[in-house]
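Colleague: Show me the folded form of this:
(3 chains)
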Amino acid sequence: MKKTTTLASAGFLTSGLVGLLWSASLLARDDFITLASTTSTENSGLFNAIIATFTDATGINVRVVAVGTGQAFEIARRGDADSLLVHDTAGEVQFIADGYASERLDVMYNDFVIVGPSDDPADVSSSDNVADALVRIAESESPFASRGDDSGTNRAELRLWKDAGITPQGAWYRELGSGMGPTLNTAAGMNAYSFTDRATWVAFQNPQDLVLLFEGDDALFNQYASVLLSEQQHPHLKHALAAQWHQWLVSEKGQQAIADFNVNGQPLFFPNAQSLSNTQ
Amino acid sequence: MNASIFPASLLTIVPALHFEQVSFEHRDHRLLAPTTLTLSGCQRTLIMGPNGAGKSLLMRLAHGLLSPSSGNIHWQGKPPAQAMVFQRPVLLRRSAIDNLTYALAVSGVPRRQRKNIALQALEKFGLVALAKRPARVLSGGEQQRLALARAWLLNPAVLFLDEPTAALDPAAIKAVEDAVNEFHHNGTRIIMTTHDLHQAHRLADEVVFMYGGQVLEHTPAHRFFDTPASTQAGAFLRGELVW
Amino acid sequence: MTASDNPFYTALTLILGMDSALIAIVMLSLKVSLIAVLTASLLALPLGAALALWRFPGRNALIVLLNALMGLPPVVAGLCVYLLLSRAGPLGQFGLLFTPTAMVIAQTILVFPIIAALTRQQVETLHNEYAEQLRSLGLNQLRMMPTLLWDARFGLLTVILAGFGRASAEVGAVMIVGGNIDGVTRVMTTSIVLETSKGNLPLALGLGIVLLSLVTLINALAHMVSETAKRRLG
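Modeller: A predicted model of the protein is given here:
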């Protein structure tokens, strides 16, 4: 009796295993592409909003793997994603030059902002431009939380320090090696200044004493682009489906879907495919 | 007790067991000096001696649980069916009857015969009412009877018992001794260690007396008890040695 | 603190709300971790028992290695599986990366050393007790294995639960090999990471409470079954 029960349960569990693998292979037969993208686009809820529209129109599902820009490039380089949507123009151009991608199209932009404690000890809010703001933080040695993870945002931040003529170092400058959300959590915890994309900031729900202190400088412009991967480099990828997604993003419908997305009435991404699509 | 369930098979002659210059060492300690010994017939052999004399060791070598460091142990002919009952019975974490059907399965008895044979053995040892009880919650005496029932099932030509009554109360000791005699009447050779002199008087046909890792005497029981040859055995019998 | 900021309130709302997305995430978490633990057990129980029963050169090194691997960081296991399953890796052509199967593989690797090492300990202890009797009955090591595994079953249930605890609690491996894809590979722990990075701490903690409740429920069930069986079988 006992043995029969054991056998029966073993059989049941094994069939469960087979069932899962089977259902996984069923899923794999559906039309979908894997998109490597950044956490800012995923965390803000943009993809939730626009992918449904794309899927309704084409029947193609988009599976988003949201990671830092550096890791997104690596996933695409190894051939583990069918498409790429990131925000590091210099990196994207290099990626094409290296032969991993065939073209990039500007899709949308938003901007970076500087956030910090509401009492603003470095008086960043009265800065004339972003370089001035960074100088004030460095000279007052106010705590600053940096991503420190070679992401698109981190690369933009380091460029701005360099343009301001500052090598950020010292106890006040904390390199966290974390994503945008965790960095903001840490900045809130230690009441530090931080550099973030607006989308993540607006959707962020744990600001504690942090407020937006500086915005609006042209140097804070943050361009997102869709990158079409190389057919020669990775012939196994779903290039036809990825191309549909790539084209849809810059189409009128895709651009409209991006424009329609907002958090609490505030738009977070601004479509700019037409005006900038040939800057590559 | 009832008549044996295996009368015919036990009437065959039990082969003799020879020890030739057998010694045993463990981590550079000699636990058994070179020993030559023959155990034969359907006798009740009691291995006696103080603690640490090497009684259990000699028995484990005989049963094949240990291999000698040197020398040679062999049966005259094919090794016979054997079973062993330990001082603290080793029972599996199952019901009493499952412990018996397990032993039957191991020895190759077809599945559909196991339950009947097990029930007969339980009945023989007065354990039928406890058949479904977990073996390990039985009392010490019940556990030892179950161990004897398990040995019974295996239909052994030689039964080894290592201090089987050391931890038992008098009633339980009586039950074990009755069982030993029952095995003996059915033609099983008994090889048993004890340091209970009274028990040895009651059971022994012959005695192997050990002292300090050596076999000092191997004689018929009456001669051992009346006129021990070695001074150590004499002291042992007078109760002078601490054990 | 408003009610919606209270993680316990959030957890309760999540459970009572029976949100279909949450149920899908919970089911996937359980499926992945249970299948990983089952697979690991099928391999690790015999291996652990074999390590307890046989003496061979390199045995001690193997035991030390297994014990050390019990502390394998999940993210390292995840990275190794990622490199294996990646298109550029040796098993790339199967296209398993970013699927639940990849998560099962990673968790199996995490759980295997725990079950193997602890099984070795349990079976060795039991073997010390049973060895003479079983050899007296004429069993060799191979035939002892099923007996010892069966008789150690209550201890082994705890071992398997320890493995399940590790699988259901880890996030580093499933995050890398699963990719935390919404509706495909998103499980409880990766959801918690995601909500934390969104700064939605009450929801993150609420999900944590739901996860903990589930694991507690499974452990309670296993404990009950084991206690009942122990009382009946000794």
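
Colleague: so which strand or helix has B:L104?
Modeller: Using DSSP states H and E, B:L104 sits within helix B:96-106.

Colleague: Please pull up the helix or strand immediately following that helix.
Modeller: helix B:111-124.

Colleague: Now that next one: buried residues?
Modeller: Within helix B:111-124, the residues that count as buried by 16 or more other Cβ atoms under 10 Å in any protein chain shown are B:R114, B:I117, B:A118, B:L119, B:Q120, B:A121, B:L122, B:K124. C-betas here are computed from N, CA, C, even on glycine.

Colleague: Between all of the residues you listed, which two are separated the most?
Modeller: Largest separation among the buried residues of helix B:111-124 by Cβ to Cβ: B:R114 and B:K124, giving 15.6 Å.

Colleague: Can you get me a residue count around whatever residue of chain C ends up closest to chain A?
Modeller: At 2.7 Å from chain A, C:S197 is the closest residue in chain C, using Cβ to the nearest Cβ. If you count neighbours by other Cβ atoms under 10 Å in any protein chain shown, C:S197 ends up with 24.

Colleague: Just give the closest residue to it, not the sequence neighbours.
Modeller: Spatial nearest neighbour of C:S197, chain neighbours left out: A:G181 (2.7 Å); criterion: Cβ to Cβ, 6 or more residues apart in numbering or on different chains.

Colleague: What is the neighbour count of residue 110?
Modeller: Let's take chain A. With other Cβ under 10 Å as criterion, A:N110 counts 25.

Colleague: wrong one, chain C
Modeller: 27.

Colleague: for B:P228, same thing?
Modeller: By the measure other Cβ under 10 Å, the count of residues near B:P228 is 20.

Colleague: Can you tell me the SS state at it?
Modeller: Secondary structure, DSSP: H, G, I helix; E, B strand; the rest coil: B:P228 is coil.

Colleague: which residue of chain C sits farthest from its center?
Modeller: C:S136 (37.3 Å; Cα atoms, centre = their mean).

Colleague: correct me, but that residue touches B:H63?
Modeller: Yes - counting by Cβ atoms under 8 Å, C:S136 touches B:H63, with 6.5 Å between them.

Colleague: Out of the buried residues of helix B:111-124, the closest to A:F32 would be?
Modeller: Nearest member of the buried residues of helix B:111-124 to A:F32, counting by Cβ to Cβ, is B:R114, at 57.1 Å.

Colleague: so what's the closest one up against?
Modeller: B:L100, B:T101, B:L104, B:A105 (Cβ atoms under 8 Å, 6 or more residues apart in numbering or on different chains).

Colleague: Can I have the buried ones of the residues you listed as a PyMOL selection?
Modeller: Buried subset of these, written as a PyMOL selection, criterion 16+ other Cβ under 10 Å:
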select buried, chain B and resi 100+101+104
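
Colleague: Can you lay out the contacts of B:R114 as a markdown table showing distance to C:S86?
Modeller: Formatted as a markdown table, the contacts of B:R114 follow (distance: Cβ to Cβ, whole Å):
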| residue | distance to C:S86 |
| --- | --- |
| B:L100 | 57 |
| B:T101 | 53 |
| B:L104 | 55 |
| B:A105 | 50 |
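
Colleague: Find the nearest non-adjacent residue to the residue of chain B found nearest chain A, please.
Modeller: Nearest residue of chain B to chain A: B:D98, at 8.8 Å (Cβ to the nearest Cβ). The shortest distance from B:D98 to any non-neighbouring residue, by Cβ to Cβ, 6+ apart, is to B:L92 (7.3 Å).

Colleague: Pretty sure that neighbour sits in a helix.
Modeller: No - counting by three-state DSSP, B:L92 is not part of a helix but coil.

Colleague: Check what pLDDT it gets.
Modeller: pLDDT, B:L92: 95.

Colleague: ok, and the closest non-adjacent residue to B:V207?
Modeller: Counting by Cβ to Cβ, 6+ apart, the residue nearest B:V207 is B:F224, at 4.2 Å.

Colleague: burial of that neighbour, as a residue count?
Modeller: 23.

Colleague: Check which residues of the host helix or strand of it are buried.
Modeller: In this assignment (DSSP H and E), B:F224 forms part of helix B:221-226. By 16+ other Cβ under 10 Å, the buried positions in helix B:221-226 come out as B:A221, B:F224, B:F225.

Colleague: Nearest to chain C among those?
Modeller: B:A221 (26.2 Å).

Colleague: Show the contacting residues for C:T189.
Modeller: When contacts are taken as Cβ under 8 Å, 6+ apart, C:T189 is in contact with C:S29, C:S168, C:A169, C:E170, C:V171, C:V174, C:M175, C:L211.

Colleague: Quick check: the last one is in a strand.
Modeller: No - applying three-state DSSP, one finds C:L211 to be helix, outside a strand.

Colleague: quick one, what contacts the residue nearest to it when sequence neighbours are not counted?
Modeller: Distance criterion Cβ to Cβ, 6+ apart; nearest residue to C:L211, sequence neighbours excluded, is C:M188 at 4.4 Å. By Cβ under 8 Å, 6+ apart, the residues touching C:M188 are C:I25, C:V26, C:S29, C:S168, C:L207, C:V210, C:L211, C:L214.

Colleague: Contacts only, for the residue nearest to B:K115 when sequence neighbours are not counted.
Modeller: Distance criterion Cβ to Cβ, 6+ apart; nearest residue to B:K115, sequence neighbours excluded, is B:T101 at 6.4 Å. B:T101 makes contact with B:R114, B:K115, B:A118, according to Cβ under 8 Å, 6+ apart.
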